[in-house]
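J.: compute the structure for the input listed below.
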Amino acid sequence: MSSESFYANLPILEDFIQITHSQNFVPVPPDWYVIVTDIDGSTQAIEEGRYKEVNLIGASSIVAVLNVAGSIEIPFVFGGDGASIVIPPSLLSATKECLLATKNLARTEFGFDLRVGIMPVSVIPSNHQLNVAKFKVSENYTQSIFVGGGLTYATNVVKNPATAHLYELGILNFSAKANFSGLKCRWQDVLSQFGETASLLIMATSQDRDQANQVYQSVIQEIETIYGSDQNFRPIAAQNLNLTFDDQKLRLETKVQTAMKHLLSRRFYHLNLKLENLWMWLMSQIHIGSRVLGWRNFKDIIIESCDYKKFDDLLRMVISSNTHQRQQLEHYLETEYQMGRLIYGVHISNRALMTCLVFERNGRQVHFVDGADGGYAMAAKAMKLRLLAASHSPSPNYSTT
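T.: Just a heads-up that it's a prediction; the model follows:
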């Protein structure tokens with residue numbers, strides 16, 4: 001197996017519970033690189049109501065690298081206000097350029113400081129492992145799953161002001177180019193079908209892999225007990241999935257796709273977006289046309305390819321819930337927290353945001369889902385508070401290193 005084809009040749013997991021089985025993971029080759037992107041000051045931007053912009057820039061860093069990779073499969077995880085991506089050495093030079101261009105985009109079009117760190121896998125300490133597996137979400141999207149603490153280590157180093165300079169991507173270069181083709185932001189916020197959209201972050205406290213796996217198994221099983229099958233808690237429902245004609249929302253995609261272009265090009269792209277959405281909406285209203293053009297099938301493909309549950313050293317989920325179910329889940333998590341078995345954060349909204357990477361209308365695509373009004377970022381804030389409280393706990397079960 002060549003290093004470049006390492007990820008493409010991994011076996012594919014069919015059941016999400018399989019992510020709690022250590023034997024399903026393999027180490028990332030030491031000559032690969034970990035990329036961490038993160039918006040500095042994202043909390044303030046979220047408080048200003050700019051979370052959709054934050055999500056868009058996080059997704060932009062992924063699509064730019066995917067377009068560089070082309071046919072080479074690479075693992076990645078969307079984190080709301082940033083992303084984690086792992087690449088082979090053959091992509092390093094082109095990836096640096098496209099990420100410099102993404103930093104430019106974030107700064108000039110949105111006023112964000114996008115931090116980018118690139119760390120060789122080989123420098124991750126031996127007590128942290130970067131192990132990966134592939135989970136089949138749908139026919140059109142296979143998700144990356146990371147365990148072992150290596151990704152968390154890289155993220156902490158890149159975000160820590162004392163160490164960030166060691167792996168920080170260089171200064172802004174306004175001649176750098178990136179291809180953001182496939183990035184789309186054309187949907188209204190998606191209301192929860194049951195009243196609430198819960199963004200969850202859950203981390204087992206045990207440093208023993210088997211013990212941690214047991215905690216995650218129990219959490220996944222408890223969610224299934226409370227909610228039933230995935231269809232009962234997916235945050236995106238077809239009846240609530242509607243195209244947007246809001247100029248402000250459509251302008252976000254326009255900014256990304258027409259960065260550094262003249263005003264006429266921007267206006268033309270924006271108008272074309274509205275016309276495309278109008279055409280799709282009209283076809284959805286015409287029964288014969290929608291059937292011929294596969295409108296209903298298109299919505300099904302979107303829902304099946306949503307990135308609403310994942311794992312990157314901790315469990316991340318965005319779920320649709322009613323208040324009673326969410327209270328049951330929080331009671332369970334709080335009990336486990338008090339027992340010293342896990343740390344968690346929850347953020348509640350009434351809707352979800354969706355940022356899409358569509359490379360083929362009826363083929364390869366992924367739709368990143370986050371809770372509105374802060375989603376994962378606000379859940380992470382709540383989680384950090386519990387982590388801080390746990391670090392001062394006399395309980396021997398807590399280990400936060």
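
J.: show me the shaky parts of the stretch 101-250 of the chain.
T.: For the stretch 101-250 of the chain, residues meeting the criterion pLDDT under 70 lie at 172-174.

J.: what segments of this protein are helices?
T.: For the chain, the helices identified by DSSP state H occupy 42-47, 51-69, 92-110, 150-159, 209-227, 247-257, 263-285, 287-293, 295-304, 323-338, 375-391, in order along the chain.

J.: quick one, which of the ones you listed is nearest to Q129?
T.: When the helices of the chain are compared for distance to Q129 using Cβ to Cβ, the nearest one is helix 150-159, at 5.3 Å. C-betas here are computed from N, CA, C, even on glycine.

J.: what's the closest one packed up against?
T.: Helices and strands touching helix 150-159, as assessed by 3 or more Cβ pairs under 8 Å, 6 or more residues apart in numbering; DSSP states H and E, comprise strand 33-40, strand 82-87, strand 113-120.

J.: in a markdown table, list the ones you listed along with distance to R186 and mean neighbour count.
T.: A markdown table is the format used below for the helices and strands packed on helix 150-159 (distance: least, Cβ to Cβ, whole Å; neighbours: other Cβ atoms under 10 Å):
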| stretch | distance to R186 | mean neighbour count |
| --- | --- | --- |
| strand 33-40 | 22 | 24 |
| strand 82-87 | 21 | 24 |
| strand 113-120 | 23 | 20 |
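
J.: how about these, which one is nearest D312?
T.: With distances scored as Cβ to Cβ, the stretch of the helices and strands packed on helix 150-159 nearest to D312 is strand 82-87 (6.2 Å).

J.: where's the closest one relative to the chain centroid, distance-wise?
T.: A distance of 10 Å separates the centroid of the chain from that of strand 82-87, by Cα atoms, centre = their mean, to the nearest Å.

J.: quick one: strands adjacent to it?
T.: Pairing partners of strand 82-87, with direction, according to DSSP bridges: strand 33-40 (antiparallel), strand 76-78 (antiparallel).

J.: how about those strands, which one is nearest V346?
T.: The closest approach between V346 and any of the strands paired with strand 82-87, judged by Cβ to Cβ, belongs to strand 76-78 at 19.0 Å.

J.: pLDDT of the closest one, averaged?
T.: Confidence over strand 76-78, taken as the mean pLDDT, stands at 93.

J.: also stretch 345-365?
T.: Stretch 345-365 shows an average pLDDT of 84 in the prediction.

J.: again, but for stretch 390-401
T.: Along stretch 390-401, the predicted local confidence has a mean pLDDT of 54.
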